[in-house]
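J.: Attaching a predicted model along with its sequence, questions to come.
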Amino acid sequence: MRALVASGAPLAGDVLVAGVEGEEDGGLGTFGLLRRGWTADLCVVPEPTDLGVVPACAGALTFRLRVRGRAAHASRRAEGVSALEKLWPVWTALAELERTRNRDADPLLARWDIAYPLSIGMVRAGDWASTVPDLLVAEGRLGVALDEDVASARADLESAVAEACRTDPWLAEHPVEVEWWGGQFASGRLPEGCDLDERVGHHHRAVTGGPAEVWGAPFGSDLRLLTGLGGIPTVHYGPGAIDLAHAPDERVPVADVETTATVLALLALEVCGLRA
């Protein structure tokens, strides 16, 4: 934006910078932006893409599992049922579900070992070291395939959990409870026939001298709101690698930031054009 202003170019169109909150937990900021009536001819989200062009994002659904056991003094462990041990058959079933759901991933996500990851990120169990834990709460995220209905993805996980419970005598009588909460991201992609990815790639080549990689992201983002709810063609293009996101040393290279800024300024000049 500073470069555009400093250039003095009399733009024929408007450039909007939308700083929104809540992107990591469902996208309420972008939802609010669209509900207030803001729109655009196109949008570039500067997610870390290693300067690749990302026209599609898988979805991600946050879930919570409650595994019930039976408390007992640790010295009489056999009289209790450890909720921690009862997580294992469910864990195994979810690992198999992940393998099944990734057998025919969209070619746009071919660069990833796991296109639609299923991960448990938090596990809490037990109240005391000498007590068999009677409750375990696990929280994780389920990857949603490109173009997959969210209800179908949820049903896949619920069925896998239910089947794991049916094969265990204790869990058959005390089935694991599944709750959907927190961030709920559908998948999204650039509309067919839109050339925004090619436009960004053209300016990337002009700035860097080489082609931009084009790939699909294995994570949910506001792209699906902008394209689906807002009808705004959207891609991701930004500095740094997603590998470093959510890590203690999260960072992006300054050189990548400069490249991104230059590419976006050139794109804005092309799209907006100059007043006569």
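T.: Yes, it's here.

J.: Please count neighbours and contacts with C-alpha atoms only from this point.
T.: Will do.

J.: Against residue 156, how distant is residue 145?
T.: Plainly put, residue 145 is 12 Å away from residue 156 if you go by Cα to Cα, to the nearest Å.

J.: Same check on residue 125?
T.: Remark: distance between residue 125 and residue 156 (Cα to Cα) = 25 Å.

J.: where do the helices sit along the stretch 151-276 of the chain?
T.: Secondary structure of the stretch 151-276 of the chain (DSSP state H, counting those that start in this stretch): helices at 169-173, 196-208, 223-224, 254-272.

J.: Give me the helix or strand of this protein that scores worst on average pLDDT.
T.: Lowest by mean pLDDT, DSSP states H and E among the helices and strands of the chain is helix 2-7, with a mean of 93.

J.: Next SSE downstream of that one?
T.: Counting by DSSP states H and E, the next helix or strand C-terminal to helix 2-7 is helix 28-35.

J.: Contacts made by that following helix with the rest, please.
T.: Residues outside helix 28-35 that contact it (Cα atoms under 8 Å, 6 or more residues apart in numbering) are 20, 21, 22, 23, 222, 225, 226, 229, 230.

J.: all strands of this structure, in order?
T.: 43-45, 53-57, 59-68, 118-125, 135-144, 177-185, 188-189, 214-217, 234-236 (DSSP state E).

J.: was I right about residue 56 contacting residue 191?
T.: No: Residue 56 lies out of contact with residue 191 (Cα atoms under 8 Å); the separation is 9.4 Å.

J.: on that earlier part again, make TSV out of the contacts of helix 28-35 and add pLDDT.
T.: Below are the contacts of helix 28-35 laid out as TSV (pLDDT from 0 to 100):
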residue	pLDDT
20	94
21	92
22	89
23	85
222	96
225	97
226	97
229	94
230	95
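
J.: Go ahead and build a PyMOL selection from the buried members of these.
T.: Listed next is the PyMOL selection for buried residues among the contacts of helix 28-35, using 16 or more other Cα atoms under 10 Å:
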select buried, resi 23+222+225+226+230
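
J.: ok, so of the contacts of helix 28-35, who is nearest residue 111?
T.: residue 222 (21.7 Å; Cα to Cα).

J.: Could I get the contacting residues of the residue lying closest to residue 64 once chain neighbours are set aside?
T.: Distances taken as Cα to Cα, 6 or more residues apart in numbering place residue 139 nearest to residue 64, at 4.4 Å, with adjacent residues excluded. Taking Cα under 8 Å, 6+ apart, we find residue 139 in contact with 62, 63, 64, 65, 120, 121, 122, 123.

J.: In the sheet, which residues pair with the fifth one? Tell me.
T.: By that I understand residue 120. On the basis of DSSP bridges, residue 120 is bridged to residue 140.

J.: what about it, neighbour count?
T.: 17 (other Cα atoms under 10 Å).

J.: do the same with the last one
T.: Other residues within reach of residue 123, judged by other Cα under 10 Å, total 14.

J.: With the second one instead?
T.: As a burial measure, the neighbour count of residue 63 was computed by other Cα under 10 Å and equals 21.

J.: From residue 78, how far off is it?
T.: Look at residue 63 and residue 78: by Cα to Cα, they are 31 Å apart.

J.: what's the answer for residue 34, then?
T.: Taken as Cα to Cα, the span from residue 34 to residue 78 is 57 Å.

J.: more neighbours, those two?
T.: Between residue 34 and residue 78, counting by other Cα under 10 Å, residue 34 is the more crowded of the two (16 against 11).

J.: Could you list the buried residues of stretch 161-180?
T.: Buried residues in stretch 161-180, counted by 16+ other Cα under 10 Å: 161, 162, 163, 164, 165, 171, 175, 176, 178.
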